[in-house]
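next one to model:
(2 chains)
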Protein chains: 2
Amino acid sequence: MTNHQSLANKPIGVFDSGAGGLTVVSQIFRHLPSEQVIYFGDMGRTPYGIRSAEVIKSFSRQNVNFLLEQDVKFIVVACNSASALALDYILQIFNIPMMGVIEPGSRAAASGTKNGRIGVIGTEATIGSLSYTKALLKIDPKLEVFSMACPLFVSLAENGYIGKKAAYLIAEDYLGYLKEKKIDTLVLGCTHYPPLKGVIGKVMGDDVRLIDSAEETAKTIGQMLAELNLANSNPAAGAHKFYVSDTPEKLKEISKYFVESPVEEVARIDINSY
Amino acid sequence: MTNHQSLANKPIGVFDSGAGGLTVVSQIFRHLPSEQVIYFGDMGRTPYGIRSAEVIKSFSRQNVNFLLEQDVKFIVVACNSASALALDYILQIFNIPMMGVIEPGSRAAASGTKNGRIGVIGTEATIGSLSYTKALLKIDPKLEVFSMACPLFVSLAENGYIGKKAAYLIAEDYLGYLKEKKIDTLVLGCTHYPPLKGVIGKVMGDDVRLIDSAEETAKTIGQMLAELNLANSNPAAGAHKFYVSDTPEKLKEISKYFVESPVEEVARIDINSY
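Numbering: from 1, shown residues only, chains lettered A, B, ... in the order given. Sure, this is the predicted structure:
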């Protein structure tokens, strides 16, 4: 086995502020079945989207330190807030290929829109950073981008408070502005939102296409691994591993809202020591 | 000045998971105007009520370490989740008088009820700990206590999402069980809930008395300081100081929902180093 092959056999590291990144993991399982995944969900410090750039950078740096200790070959920042506020920072200080979720989601939206009017929803941190707007305009400066922070959506999704009238009213409240702007494409710019797809779709109507960046991200990871000669050619990848910064039960319990099969084997780590 | 007088002149330390503890600070200002307050709001790791006992204990220990460095004479745990899960633990490891918010709130509820049926609402951590139930039954074993975790209330309060129909529907959803139980007293067992008093009162009706433990806590602090000979007899107390673990702007912005006059002077600390 050459050095390069042994590097390619190493796992992909994925981190998120909590359980939402499991939507990306589930798409990696589907599109890149030969890859082994090491997941870290920062449940002990979730959510990130209400925090400042400085705190999100500091947490992200610790998360990368932990994943590097697990000997990963590539790191996926599955959290939109961390991708928006911390990806440039951690790319500067660490020497490992990394990818966030903003660019794949933006590419999918830009290629899907017909009228050139794209909406983006996310946390206050993500929307405030204007990262999606910048990424979309870089792809096509003629696009018109309208964005809206939806701070209550994470709580609704994480509590499974979805099928209720209150969830619908809150969605109507947040999304009214985007409906007025006659967007035809809406980026779900937070990995915690997919459980709310039903209610968001109902409010926006059938003519608006919802972009969940998880699938696009998994496909882009595949392309990047191939380009870097890091794709795992060994079909028997090692066992996936899940780590959290709070009790494992929390991730197990909440995982049912984000992945098809519940996550069973989860270990706790002390992220403050990284 | 004797040693004892100089000890009494020291400030009171107050910590909370975020801004909610300012409701307690505001009552300290009112009832104990000679006391100086050092406040720490753990905005960088808020909320606590969704976390496990182990994480809440570890965070509380760091918060106490920080306040001890500020040379406080007494510590108030203004967060219900930390009072419920971590107070016994930090009392064991630190040698300084401390007080939580559970006992004062329970005493106010027990002395206020006429039919002996008391409701308690709070975070999942607080309600899951059964701390209020235990404290109330210790005061009077004949009381009947009914409790309900209201996980979305913190997000609603912190986002000022209050006057909307959705907030009312969520409150009806959570509080329906307590209405059925014909309680006459409801403990707001989370310092973040007071901004929601209006909607909670509307759902519960005029016959149910709402207990906000902040005022009762301030009065109990006064009694404890007097008993311990720690009350400040010097009317010119030092300036109050506010510290947070995220950017100061967040506390300043959110403080308007919790105290009458906005908090202006706030400094940031790195709580992970304590």
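
so which residues of chain A form helices?
A:3-8, A:22-31, A:53-69, A:80-93, A:102-112, A:124-129, A:131-139, A:153-158, A:165-180, A:197-204, A:213-227, A:248-254 (DSSP state H).

list the contacts for the residue nearest to the spatial centre of chain A?
For chain A, the residue nearest the mean C-alpha position is residue A:78 (3.2 Å; Cα atoms, centre = their mean). Contact partners of residue A:78, counting by Cβ atoms under 8 Å, 6 or more residues apart in numbering or on different chains, are A:14-16, A:20-21, A:23-25, A:101, A:191, A:217. Where C-beta positions appear, they are placed from N, C-alpha and C, glycine not excepted.

export the helices of chain A to TSV and tack on mean neighbour count?
Shown next, in TSV, are the helices of chain A (neighbours: other Cβ atoms under 10 Å in any protein chain shown):
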stretch	mean neighbour count
helix A:3-8	13
helix A:22-31	22
helix A:53-69	21
helix A:80-93	22
helix A:102-112	22
helix A:124-129	22
helix A:131-139	19
helix A:153-158	24
helix A:165-180	18
helix A:197-204	18
helix A:213-227	20
helix A:248-254	19
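
residues in chain A within reach of chain B, list them.
Within chain A, the residues that sit near chain B (Cβ under 8 Å from any Cβ of the partner chain) are A:43-46, A:50-52, A:54-55, A:58, A:151-152, A:154-156, A:158-159, A:161, A:164-167, A:169-170, A:173, A:245-247, A:250, A:272.

mind doing that once more with 7 Å?
By Cβ under 7 Å from any Cβ of the partner chain, the part of chain A that sits against chain B consists of A:44-45, A:51-52, A:54-55, A:151-152, A:155, A:159, A:161, A:164-166, A:169-170, A:173, A:246-247, A:272.

picking up where we left off before, which of the contacts of residue A:78 sits closest to residue B:211?
Proximity of those to residue B:211 (Cβ to Cβ) peaks at residue A:20, which lies at 36.1 Å.

any idea how far chain B is from that closest one?
Distance of residue A:20 to chain B, computed by Cβ to the nearest Cβ, to the nearest Å: 14 Å.

now swap in residue A:235 and tell me
Taking Cβ to the nearest Cβ, one finds residue A:235 at 38 Å from chain B.

can you read off the backbone torsions of the nearest residue to that residue once chain neighbours are set aside?
Leaving aside its sequence neighbours, residue A:235 sits nearest to residue A:34 (Cβ to Cβ, 6 or more residues apart in numbering or on different chains; 5.3 Å). Dihedral angles of residue A:34 (phi, psi; degrees, to the nearest 10) stand at phi -80, psi -10.

residue A:34 - how many residues pack around it?
14 (other Cβ atoms under 10 Å in any protein chain shown).

okay if I get the helices of chain A as a markdown table plus mean pLDDT and distance to residue B:63?
Output for these, formatted as a markdown table (pLDDT from 0 to 100; distance: least, Cβ to Cβ, whole Å):
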| stretch | mean pLDDT | distance to residue B:63 |
| --- | --- | --- |
| helix A:3-8 | 77 | 43 |
| helix A:22-31 | 93 | 31 |
| helix A:53-69 | 97 | 16 |
| helix A:80-93 | 98 | 24 |
| helix A:102-112 | 96 | 34 |
| helix A:124-129 | 96 | 24 |
| helix A:131-139 | 98 | 33 |
| helix A:153-158 | 90 | 24 |
| helix A:165-180 | 97 | 32 |
| helix A:197-204 | 96 | 38 |
| helix A:213-227 | 94 | 36 |
| helix A:248-254 | 87 | 22 |
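
hang on, the earlier thing: okay, the residue nearest to the centre of chain A and chain B: tell me how far apart.
From residue A:78 to chain B the distance is 20 Å (Cβ to the nearest Cβ).

related to what we said a few turns ago, quick one: the residue nearest to residue A:235 and residue A:232 touch, right?
Yes. Residue A:34 is in contact with residue A:232 according to Cβ atoms under 7 Å; the separation is 4.5 Å.

okay, now residue A:49: neighbour count?
28.

same thing with residue A:161?
Counted with other Cβ under 10 Å, residue A:161 comes out at 19.

can you redo the helices of chain A as CSV with distance to residue B:177?
Below are the helices of chain A laid out as CSV (distance: least, Cβ to Cβ, whole Å):
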stretch, distance to residue B:177
helix A:3-8, 55
helix A:22-31, 31
helix A:53-69, 37
helix A:80-93, 35
helix A:102-112, 40
helix A:124-129, 32
helix A:131-139, 41
helix A:153-158, 20
helix A:165-180, 17
helix A:197-204, 24
helix A:213-227, 36
helix A:248-254, 21
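
minimum distance to residue A:238: which of these has it?
Comparing the helices of chain A by Cβ to Cβ, helix A:3-8 comes nearest, at 12.5 Å.

quick revisit: tell me the pLDDT at the residue nearest to the centre of chain A?
On the pLDDT scale, residue A:78 is placed at 97.

need phi/psi at the closest residue to it other than its chain neighbours.
Leaving aside its chain neighbours, residue A:78 sits nearest to residue A:21 (3.2 Å; criterion: Cβ to Cβ, 6+ apart). When read as degrees, to the nearest 10, the backbone of residue A:21 gives phi -60, psi -10.

contact partners for residue A:21?
A:14-15, A:39, A:41, A:78-79, A:191 (Cβ atoms under 7 Å, 6 or more residues apart in numbering or on different chains).

from residue A:100, how far off is it?
11 Å (Cβ to Cβ, to the nearest Å).

what of residue A:165?
In terms of Cβ to Cβ, residue A:165 sits 35 Å off from residue A:100.

and for residue A:223?
Residue A:223 is 15 Å from residue A:100, by Cβ to Cβ.

repeat for residue A:219
14 Å.

can you check residue A:72 too?
16 Å.

quick one, which of the two is more surrounded?
When residue A:72 and residue A:100 are compared for neighbours, residue A:100 comes out ahead with 26 against 20, by other Cβ under 10 Å.

contact partners for the more buried one?
A:77, A:83, A:87.

excluding its backbone neighbours, what's nearest the last one?
Think residue A:87. In space, residue A:87 is closest to residue A:100, 4.4 Å off (Cβ to Cβ, 6+ apart).

and the one you found, what pLDDT?
On the pLDDT scale, residue A:100 gets 97.

also residue A:11?
96.

for residue A:214, see how far away it is.
19 Å.

right, and residue A:105 touches residue A:212 too?
No. Under the criterion of Cβ under 7 Å, residue A:105 makes no contact with residue A:212, lying 8.0 Å away.

what about the residue in the stretch 1-150 of chain A that chain B sits nearest to, how many neighbours?
At 4.1 Å from chain B, residue A:52 is the closest residue in the stretch 1-150 of chain A, using Cβ to the nearest Cβ. By the measure other Cβ under 10 Å, the count of residues near residue A:52 is 19.

show me the contacts for the nearest residue to it once chain neighbours are set aside.
Nearest residue to residue A:52, sequence neighbours excluded (Cβ to Cβ, 6+ apart): residue B:247, at 4.1 Å. If a contact means Cβ under 7 Å, 6+ apart, then residue B:247 has A:52, A:54, B:268 as its contacts.
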